[in-house]
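A.B. asks: sequence unknown, structure follows:
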């Protein structure tokens, strides 16, 4: 696996899902304080961008804007139907303010 830079910590607004692409992979990035969480941006239920959804702080999840399934940022698991499949979760590391993920 290769480490890929997806931006600087300041590029990601606090508690706001942000879409980025790295090596052709669409990612949903959420910064909570100095922690950065990255999941696949594509909802597995239907073709929706999770970064267009809302961050739910109480569950540490991102809600799909189409049908309301929320995906946990740590496990990728959905909280309820209609989604039944998890999204991929990417390992994040920091090099100073540079945000790196494992692809």
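C.D. replies: Sure thing, it's come through. In this text the structure is predicted, and so the values were computed from the model without any measurement.

A.B. asks: any chance you could map the helices in this protein?
C.D. replies: Remark: helices of the chain are absent; assignment by DSSP state H.

A.B. asks: longest single strand anywhere in it?
C.D. replies: Using DSSP state E to assign secondary structure, the strand with the most residues in the chain is strand 25-32.

A.B. asks: which of the residues in that strand are buried?
C.D. replies: Buried positions in strand 25-32, judged by neighbour count with 16 or more other CB atoms under 10 Å: 25, 27-31. Glycine gets a C-beta too; all of them are placed from N, C-alpha and C.

A.B. asks: tell me what that strand is packed against?
C.D. replies: With contacts taken as 3 or more CB pairs under 8 Å, 6 or more residues apart in numbering; DSSP states H and E, strand 25-32 sits against strand 3-8, strand 18-22, strand 35-40.

A.B. asks: kindly reformat those as a markdown table containing distance to residue 86 and mean pLDDT.
C.D. replies: Compiled in a markdown table, the helices and strands packed on strand 25-32 are given as follows (distance: least, CB to CB, whole Å; pLDDT from 0 to 100):
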| stretch | distance to residue 86 | mean pLDDT |
| --- | --- | --- |
| strand 3-8 | 21 | 96 |
| strand 18-22 | 19 | 97 |
| strand 35-40 | 9 | 98 |
